[in-house]
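Visitor: Quick check, what structure comes out for this input:
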Amino acid sequence: MREAAVVSQPNPLQRIPGVAIVLVLLIALFSAIAPGFLSVANLSNVLVQSTILTMLALPMTLIIMTEGLDLSMGAVLTLTSLCVAIVSLATHSMLLGLGAGLLVGAAFGIANGWLVAILGIPPFVATLGTLGMAQGLSLIVSDGQSVVGIPHSVRDIYSSTLLGIPVPIVMALVTYAAFHGLLYHTRFGTYIFALGGNREALRYAGLSPNKLLIAVYALGGAMAGIAGLLMTARMNSGHPTAGLGLEFDAIAAVAVGGTSFERGNGWLLGTLLGVIAVGVLRNGLNLISMPSSVQVASVGILVIVALFLDGLRSRA
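Guide: Predicted structure coming up:
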């Protein structure tokens, strides 16, 4: 009996998520092959560069928890970045530029939610359509050119500090705290879990799953608007292709972080670790001068490895 009890003891390593193992391995790898990787300046740069992806990956987690997907998020980010640049340039007001980005982003989010919830179009197809719309509008409003000359109030956001901490990192931390509170400590968060796990329970409770689903997509669009402000500040301009492809990194961070694409299982801390893992991977590859095509392929490999490790841990 004593031997059986010993055998049944769980291995502590089985409790470590795959993303944490991958992150440690990546840091060890690039520490060995990339000069300057562990410098304070470079590690700070990794965190700052990961803030925009954080703004996208957190709402993407909620969307995926509803068994949905938002392929338009990168294109909407591009459009909102252009809106921030154009409006702030015309009005010399960062707040008005941010407001324009929020409105445009939320409008696309509501459109995505309406297409999925009301018309019943599969999320992949619906958001693929709005992706094309956002790309087209970005080219129209910018005439295919970068929007330059944005005011200092926008540019300084990306380079400023608050109590010695870069403002983008502060914004990302506040965003994470807000999403953590929303998902785990509010009724709306409970409803999000139910949207992916048991929508019938919501109907029996007298709630409208369609309205809740639209709200989740609208939140994702609004966050793309806030990320658009950071993107404009980072590039010191608005560019019609600035955010294209970031939806892939956001989905990868969510998947690497352990959020399930079914049954409403999600983990925000895992998503945050996934964002950092993607940031470390891209930064390390940049330091060793790998082309962007290799970086994209490497992010895909990262997803496969992390999910493989999680699968092994689950079977064990």
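Visitor: What's the mean pLDDT across stretch 109-116?
Guide: Averaging pLDDT along stretch 109-116 gives 96.
Visitor: just how off-centre is it within its chain?
Guide: 18 Å (Cα atoms, centre = their mean, to the nearest Å).
Visitor: For it, give me every contacting residue.
Guide: By Cβ atoms under 8 Å, 6 or more residues apart in numbering, the list of residues contacting stretch 109-116 from outside reads 68, 70, 72, 76, 121-123, 126-127, 129-130, 213-222, 224. For every residue, glycine as well, the C-beta is placed using N, CA and C.
Visitor: residues in contact with Y176?
Guide: 54, 58, 268, 272.
Visitor: So for the strand or helix carrying it, what gets flagged as buried?
Guide: Using DSSP states H and E, Y176 sits in helix 167-185. For helix 167-185, a neighbour-count test (16 or more other Cβ atoms under 10 Å) marks 167-169, 171-172, 175-176, 179, 182-183 as buried.
Visitor: Next secondary structure after it?
Guide: helix 187-197.
Visitor: Just the buried residues of that next one, please?
Guide: In helix 187-197, counting by 16+ other Cβ under 10 Å, buried: 189, 191-197.
Visitor: Look at R315 and report its pLDDT.
Guide: 65.
Visitor: all numbers from here: first residue = 20
Guide: Yep, numbering from 20; the last one is R334 now.
Visitor: Just want the angle from the helix holding Y195 to helix 206-216.
Guide: Counting by axes from the mean of the first three to the mean of the last three Cα atoms, to 10 degrees, helix 186-204 lies at 70 degrees to helix 206-216.
Visitor: can you dump the C-alpha coordinates of helix 186-204 into PDB?
Guide: Listed next in PDB are the C-alpha coordinates belonging to helix 186-204 (Å, rounded to 0.1, in the frame of the first residue of the first chain):
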ATOM      1  CA  VAL A 186       5.100  53.800 -20.400                       C
ATOM      2  CA  PRO A 187       4.300  51.000 -22.800                       C
ATOM      3  CA  ILE A 188       5.100  48.400 -20.100                       C
ATOM      4  CA  VAL A 189       2.900  50.300 -17.600                       C
ATOM      5  CA  MET A 190       0.100  50.300 -20.100                       C
ATOM      6  CA  ALA A 191       0.500  46.500 -20.700                       C
ATOM      7  CA  LEU A 192       0.500  45.800 -17.000                       C
ATOM      8  CA  VAL A 193      -2.600  47.800 -16.400                       C
ATOM      9  CA  THR A 194      -4.300  46.100 -19.300                       C
ATOM     10  CA  TYR A 195      -3.400  42.700 -18.000                       C
ATOM     11  CA  ALA A 196      -4.700  43.600 -14.500                       C
ATOM     12  CA  ALA A 197      -7.900  44.900 -16.000                       C
ATOM     13  CA  PHE A 198      -8.400  41.700 -18.100                       C
ATOM     14  CA  HIS A 199      -7.600  39.500 -15.100                       C
ATOM     15  CA  GLY A 200     -10.200  41.300 -13.000                       C
ATOM     16  CA  LEU A 201     -12.700  41.100 -15.800                       C
ATOM     17  CA  LEU A 202     -12.300  37.400 -16.500                       C
ATOM     18  CA  TYR A 203     -11.900  36.000 -13.100                       C
ATOM     19  CA  HIS A 204     -13.700  38.500 -10.800                       C
END
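Visitor: how about the strands in this structure?
Guide: Taking DSSP state E as the test, the strands found in the chain are 180-181, 184-185.
Visitor: which parts of stretch 94-109 are buried?
Guide: 94-108.
Visitor: typed the wrong thing, it's stretch 219-234
Guide: 221, 226, 228-229, 231-234.
Visitor: Next, count neighbours for the closest residue to P141 other than its chain neighbours.
Guide: Closest residue to P141 apart from its sequence neighbours, by Cβ to Cβ, 6 or more residues apart in numbering: V135 at 7.6 Å. A total of 27 residues lie near V135 under the criterion other Cβ atoms under 10 Å.
Visitor: V135 and N255, how far apart?
Guide: Using Cβ to Cβ, to the nearest Å, we find V135 at a distance of 36 Å from N255.
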